[in-house]
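Undergrad: can't give you the sequence, but here's the structure:
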RNA sequence: GGACGCGUAGCUCAGCGGGAGAGCACCUCGUUGACAUCGAGGGGGUCACAGGUUCGAUCCCUGUCGCGUCCA
């Protein structure tokens, strides 16, 4: 006998271990099986599972379990990302906490060794958390972006792209993070709106004949100004173009130039030009061949290109000092408050500097072309499709991708410099040295580039590097391209787009045929969860409290992709209850001798009730299958919920009780067998979403009745494929009438406060022959569920009975001794009014000749029927009301 | 400024051309055995607003307002 409840705390770890050790997570070894593969979006190795991971990985697991059960060779390949900056930060912080040396004191090699040490000890956290969620990843294929194979892939890609001139070194402005002292890509820059000022500075003309006023939000950069620009059409300045101003403080003459960049309508129309510290100014500087003076060091402190009294100052201190100097010089014309966007490093949170350095770039604009085309042509589709627009928008305006980082943790750039600065880009140092020897004519020592690659450079290769590339492995042949990628919209640019580019370039095929973009999880009030807001919900805590299945079901049911998910504990609790409900329905079945029958054929059942539930089961199976095949996760979950709770538990089980307790042995046996069959199908359908509970029920019902065709785990059972012919319209109609009769009767009883213990007969006053047959046959069922003594045909409703109408049939409950006439009059009055409203609407519609002429015949017919039914019902209830002496 | 999304019951959301729905919350009633992590019943909505298309609009189109996100 089943326990009263499912106990996730003990069952989940036990079941997971059993699955894992059985090898069920690996794709089946059948060469005829269709492959279905997915790669996990590799979580940062420093990470711990947050609710976004929980959603993303639940959906992946639902899909992979579904496809596995459908008989495919299903591979879900897991792994983690080395996460350059994040990991380096964690270890540096740890060193600091332990009072140890900084990374610089420690030196590169020792520091990197420390990181590996840390990874060995703490890097497995998130992977084990995924196990708690039930993720059926093939752990035997787990990869790490910095492992040997993936590093080889990275080197191969870098060298290849370099030789194809798609990777190059360039000196230009980058986004510099002064906190980490590294370049970062455009995507790692967050634009934040902050309060600031416009300082209006007067720059005196060199000949003393006047001044030009420029405004800036960054006064300190004036120390590096190399021009003042005005618009060529700006008449105020035409005469001044070509002349010079004397730059205050620095006392350097700089030219006044004409350029399209300044907006004549903004401020004075003149702008200061600082080519080394502003992206727009950089472009102007290039056009006019202006000198580029860099006044910062790597920490954004002023360097020796600044006047002596500014050297060594932090940029913000320098800003203050510059403003003070202008004020003292009498050249500060105005200070204007403003709100403007300022770039910040997404990891460090500090203001990012445009900074002139040598970096490595990928010609993303070239690689993007095939990647755009692939989506245009549908080789890869986004679900929901709207995201394609986001993808196109970015890809069509893509900028060169800065891939070098001045960090130590990551893939070291395979580039070596000779004594004269010549660069040798090769996959190994030995090869570089060989090339150097050839070039220089003698063995020549080389110095490897100090930088490492952007973490996303290696993750861009993930769909093929994890399958063994550059080796031509059997996995690569079988599982590339992968089928579906499930990820968040926040990394469409960072990751999806770059995988598309690299996959197409190196494999000549898209990395995945479908990209499902999942929603963003927020807290119950709609705020983005973040540690600083303190509103994070820890998925593991939720798993502890409600079980993994409840959390999984919640996330699945709420994953409607167009909107954010607002998660609340209440909701999870509700779905935990849903699991309990199924558990107890199974328990009920077990207690009532429901067991699999040898050779059971769902198409051959005779009882109306059983024919009905078999049809409902088929409909559900079809709906769930279709939904999951199309990534309609929420739809699948909701179909299952409705079927299991509102159809199977609320009605099938209740209606089956009289049969199971009855004397008709054949009907009883058929019902027992049918219930067992429905439950087995249900467990399969629900398994992808609630793997633990279903697997446990599968195991606990294994011995009930005939052996299953599939004796192993439910997770490896075959997905149900039921013919639509199992649906029996006649059975649907009969059960529909019974359900309505009971529901309506209950409603009437409760509204009129008929005591629950009262057992009046139910009189069928008026009904078609077919209805009478159904109701008579179902009398025991109705008797029990509606708490009536019997169901009896009657000529007329007796005095003082309560009438109600269902599907044109009139019923009466003779409960005169209980009812309050006023309440009954009120009830009937309300019903009549509602019907009158409906009749008015329908009659209006049908009275419209255009409607009758132009609407489809079946719609017109349906409206006619509804009108007739409503009119009949209204007439009957009015008659009853009249007998009660109510006002009609 | 551009793009996308969203405004439906108190809350969270589904529906997306022909009868306004679910869960939760609320109110009433109900425990001799599947389940109180439950059952039965009930109240509650000019489907943001304004136009348009249509025989018919919560649903399609246009505009307005409000909210969110991303990109400049």
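TA: Ah, there it is. Small disclaimer: the values here were computed from a predicted structure and weren't measured. Numbers count the residues shown, from 1 in each chain, chains lettered A, B, ... in the order given.

Undergrad: Only C-alpha atoms from now on, for both contacts and neighbour counts.
TA: OK.

Undergrad: who's in contact with residue A:509?
TA: Going by CA atoms under 8 Å, 6 or more residues apart in numbering, residue A:509 touches A:481, A:503.

Undergrad: For the stretch 51-200 of chain A, what lies in contact range of RNA strand B?
TA: With the criterion set to CA under 7 Å from any atom of the strand, the stretch 51-200 of chain A comes near RNA strand B through A:186-187, A:190-191.

Undergrad: Mark which of these are part of strands, please.
TA: Using DSSP state E, the subset of those located in strands is A:190-191.

Undergrad: Contacts for stretch A:733-752, please.
TA: By CA under 8 Å, 6+ apart, stretch A:733-752 touches A:608-609, A:612, A:651, A:755, A:771, A:774-775, A:778, A:782, A:785-786, A:802, A:804, A:806-807, A:819-820, A:823-824, A:827.

Undergrad: Test my guess that residue A:81 contacts residue A:144.
TA: Yes: with contacts defined as CA atoms under 8 Å, residue A:81 counts as touching residue A:144 at a distance of 5.9 Å.

Undergrad: Tell me which of the two has more neighbours.
TA: More crowded of residue A:81 and residue A:144, by other CA atoms under 10 Å: residue A:81, with 24 against 21.

Undergrad: If you rank every helix and strand of chain A by mean pLDDT, what lands last?
TA: Here the helix or strand of chain A ranked lowest by mean pLDDT, DSSP states H and E is strand A:521-522, holding a mean of 68.

Undergrad: helices and strands around the helix or strand following that one, which ones?
TA: Toward the C-terminal end, the helix or strand that comes next after strand A:521-522 (DSSP states H and E) is helix A:539-546. With contacts defined as 3 or more CA pairs under 8 Å, 6 or more residues apart in numbering; DSSP states H and E, the secondary structure elements packing on helix A:539-546 are helix A:125-133, helix A:548-557, helix A:569-591.

Undergrad: tell me the most buried of the ones you listed?
TA: Highest mean neighbour count among the helices and strands packed on helix A:539-546 (mean count of other CA atoms under 10 Å): helix A:548-557, with a mean of 27.

Undergrad: which among the residues of the stretch 51-200 of chain A next to RNA strand B gets closest to residue A:418?
TA: residue A:186 (30.7 Å; CA to CA).

Undergrad: isn't the closest one right up against residue A:175?
TA: Yes: assessed by CA under 8 Å, residue A:186 is found in contact with residue A:175 at 7.0 Å.

Undergrad: Neighbour count: the two, which is higher?
TA: residue A:175 (26 against 15).

Undergrad: hey, what's that one bridged with?
TA: Judged by DSSP bridges, the bridge partners of residue A:175 are residue A:184, residue A:354.

Undergrad: For it, which residues are in contact?
TA: Each residue near residue A:175 by CA under 8 Å, 6+ apart is listed here: A:183-186, A:189, A:352-355.

Undergrad: coming back round to it: output the helices and strands packed on helix A:539-546 as JSON lines; include the columns mean pLDDT.
TA: What follows is the helices and strands packed on helix A:539-546, written out as JSON lines (pLDDT from 0 to 100):
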{"stretch": "helix A:125-133", "mean pLDDT": "91"}
{"stretch": "helix A:548-557", "mean pLDDT": "93"}
{"stretch": "helix A:569-591", "mean pLDDT": "94"}
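
Undergrad: okay, these in CSV with distance to residue A:838 next?
TA: Below are the helices and strands packed on helix A:539-546 laid out as CSV (distance: least, CA to CA, whole Å):
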stretch, distance to residue A:838
helix A:125-133, 50
helix A:548-557, 35
helix A:569-591, 36
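
Undergrad: what about residue A:152, how many residues close to it?
TA: Neighbour tally, residue A:152, other CA under 10 Å: 20.

Undergrad: I should have written residue A:32 there, sorry.
TA: If you count neighbours by other CA under 10 Å, residue A:32 ends up with 9.

Undergrad: separation between it and RNA strand B?
TA: Note on residue A:32: its distance to RNA strand B, by CA to the nearest atom of the strand, to the nearest Å, is 36 Å.

Undergrad: tell me which element that residue falls in.
TA: Element membership for residue A:32, per DSSP H and E: none, as it lies in no helix or strand.

Undergrad: Now the phi/psi pair for the nearest residue to residue A:302 once chain neighbours are set aside, please.
TA: Among residues not flanking residue A:302 along the chain, residue A:296 sits closest, at 4.5 Å (CA to CA, 6 or more residues apart in numbering). The phi/psi pair for residue A:296 (degrees, to the nearest 10) reads phi -110, psi 160.

Undergrad: Kindly provide the distance from residue A:296 to RNA strand B.
TA: Distance of residue A:296 to RNA strand B, given as CA to the nearest atom of the strand: 24 Å.

Undergrad: Any quick PyMOL command for the buried ones out of the contacts of stretch A:733-752?
TA: Selecting only the buried entries of the contacts of stretch A:733-752 in PyMOL, with 16 or more other CA atoms under 10 Å as the criterion:
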select buried, chain A and resi 608+609+612+651+771+774+775+778+782+785+786+802+804+806+819+824+827
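
Undergrad: Can you narrow the contacts of stretch A:733-752 down to the ones near RNA strand B?
TA: Applying CA under 7 Å from any atom of the strand, the subset of the contacts of stretch A:733-752 adjacent to RNA strand B comprises residue A:755.

Undergrad: Just the ones in strands from the contacts of stretch A:733-752, please.
TA: Checked against DSSP E, those include these in strands: A:802, A:804, A:806.

Undergrad: out of those, which one sits closest to RNA strand B?
TA: residue A:806 (10.8 Å; CA to the nearest atom of the strand).

Undergrad: I'd like the ones in strands among the contacts of stretch A:733-752 as CSV, with distance to residue A:408 and pLDDT appended.
TA: Shown next, in CSV, are the ones in strands among the contacts of stretch A:733-752 (distance: CA to CA, whole Å; pLDDT from 0 to 100):
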residue, distance to residue A:408, pLDDT
A:802, 84, 86
A:804, 80, 90
A:806, 76, 90
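
Undergrad: ok, these vs residue A:371, which is closest?
TA: residue A:806 (59.9 Å).

Undergrad: Residue numbers of the stretch 551-700 of chain A in contact with RNA strand B?
TA: Counting by CA under 7 Å from any atom of the strand, the stretch 551-700 of chain A comes close to RNA strand B at A:558, A:560-567, A:570-571, A:574, A:576-578, A:580-582, A:584-589, A:591, A:645, A:649-650, A:653-654.
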